[in-house]
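Colleague: Pasting the sequence and the predicted coordinates here, then a few questions.
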Amino acid sequence: MYKMKELISVCLLGALVMFFNGCSGKEVDEKTKKEERALPVKVARVKRGSIEEVIYLTGNIKGEKEVQIYADVPGKLIKKLKDVGDPVKKDEVIAMIDRDEVALKFSEAEVKSPIDGEVTRYFADLGESVFPAQSMPRSPLVMVADMDKVKVIVNIIEKDVGRVKVGQEARIYVDAYPEKPFIGYVKTVSKSLDLLSRTAQAEIVIDNPEHFLKPGMFAKVNLIVKRYIGVIIIPRTALIEREDENVVFTIKEGMAEKRIVKCGVLNDTKVQIIKGLNEGEDVIVEGNYGLIEGTKIKVSTGGVE
């Protein structure tokens, strides 16, 4: 009888242990499920820094001093004394022309450079006919440019004309060196607008001592019209732009919190915040599109920038 009671006690104890273990397991599973349902995001710290107000433009590279040279007499191009890329001095002979005139059949004419520079292009090949510049359109023979400084001519739309001033800095990018910004400065701004395009031309000059920049290159220009120092900034990816409001998401008690913000300057990477955020808060920069306020949030490892 005693053994029977002992056996029943052991069975009851085992059942209780299994019951409590089962309850504990359910609690762990529920907790895991809740954590799994939390949306993984990355965040960045709201901080003070600098931001640039930028106008994005395009243009073509030209030599700052650039001349197209015509033949003085009609004839055929018979000799190139200087080839493309060769340096030339003012009044140095670049090419020779077989003069195509009666009684001067084999008399050669010289083509000289009017400036110091570099031969950047021939418009005619050996043996082709060349002509002096006349009232009717004629192709030049050769182009010479001073390559130590180059320029970009850009067109400024009407609403931006008042923001562009002589001396402003610009960063110039070309496809040949996509990661290398070349620094230039606004030299001139047109005083009038083109009546058809409603744009004003501005000339940006760039030092080019190593001659990386070549005439004819397509240039992307970031013209810096103003810099703001010590302002509250966030990454551009944190901002959700809507027709009626600008929104960012912060985190409060593990959930997404929507903030309507007032923005100042925006560029490709940063946004100036005038109202709606405080320095030191975290804003969501990944996982924020389509996010609903109150959604459970889990910050990914290494997610704070």
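Modeller: Now that the structure is in, tell me what you want to look at. Predicted model, so just to flag it, every value in this text is computed and none were measured.
Colleague: just checking, what's the longest strand in the chain?
Modeller: strand 47-69 (DSSP state E).
Colleague: what pairs with the next helix or strand after that one, and is each one parallel or antiparallel?
Modeller: Counting by DSSP states H and E, the next helix or strand C-terminal to strand 47-69 is strand 75-80. Strand 75-80 has its sheet partners listed here by DSSP bridges as strand 93-99 (antiparallel), strand 129-130 (antiparallel).
Colleague: Can you point out the buried residues in the next helix or strand after the first one?
Modeller: The reference is to strand 93-99. For strand 93-99, the succeeding helix or strand toward the C-terminus, using DSSP H and E, is strand 108-112. By neighbour count with 16 or more other Cβ atoms under 10 Å, strand 108-112 contains the buried residues Ala109, Val111. In this view, the C-beta of every residue, glycine as well, is placed from N, C-alpha and C.
Colleague: And for stretch 219-226?
Modeller: Residues of stretch 219-226 classed as buried: Ala219, Lys220, Val221, Asn222, Leu223, Val225 (neighbour count, 16+ other Cβ under 10 Å).
Colleague: thinking again about what came up before, ranking the strands paired with strand 75-80 by mean pLDDT, which is last?
Modeller: Among the strands paired with strand 75-80, strand 129-130 has the lowest mean pLDDT, at a mean of 86.
Colleague: Can you tell me how far Val299 is from Val73?
Modeller: As judged by Cβ to Cβ, to the nearest Å, Val299 and Val73 stand 78 Å apart.
Colleague: go on, Ile233?
Modeller: On the measure of Cβ to Cβ, Ile233 and Val73 end up 64 Å apart.
Colleague: When those two are compared, which one has more neighbours?
Modeller: For the pair Ile233 and Val73, the greater number of neighbours falls to Ile233 (23 against 16), based on other Cβ atoms under 10 Å.
Colleague: List the pairing partners of the one helix or strand that one maps to within its sheet, with orientation.
Modeller: Element membership for Ile233, per DSSP H and E: strand 218-235. Strand 218-235 has its sheet partners listed here by DSSP bridges as strand 47-69 (antiparallel), strand 169-174 (antiparallel), strand 270-275 (antiparallel).
Colleague: now the helix or strand that that strand is followed by: how far from the chain's centre is it?
Modeller: Using DSSP H and E, the next helix or strand after strand 218-235 towards the C-terminus is strand 240-241. Centre-to-centre, strand 240-241 and its host chain are 21 Å apart (Cα atoms, centre = their mean, to the nearest Å).
Colleague: what residues does strand 240-241 touch?
Modeller: Here strand 240-241 makes contact (Cβ atoms under 8 Å, 6 or more residues apart in numbering) with Asn246, Val247, Val248, Phe249, Asn288, Tyr289.
Colleague: Can you tell me which of these are buried?
Modeller: Asn246, Val247, Val248, Phe249, Asn288.
Colleague: tell me the contacts of the fourth one?
Modeller: Contacts for Phe249 (Cβ under 8 Å, 6+ apart) come out as Ala238, Ile240, Ala256, Glu257, Lys258, Arg259, Val283, Ile284, Asn288, Leu291, Glu293.
Colleague: how's this protein carved up into domains?
Modeller: Each domain of the chain is listed here as a residue range: 39-50+229-304, 55-60+147-228, 71-140, per automatic domain parsing.
Colleague: Please compute how far the first one lies from its chain's middle.
Modeller: Taking Cα atoms, centre = their mean, one finds domain 39-50+229-304 lying 23 Å from the centre of the chain it belongs to.
Colleague: What of the second one?
Modeller: Centroid separation between domain 55-60+147-228 and its chain, computed with Cα atoms, centre = their mean, is 13 Å.
Colleague: gap between the two ends of that domain?
Modeller: With Cα to Cα, to the nearest Å as the measure, domain 55-60+147-228 spans 15 Å from end to end.
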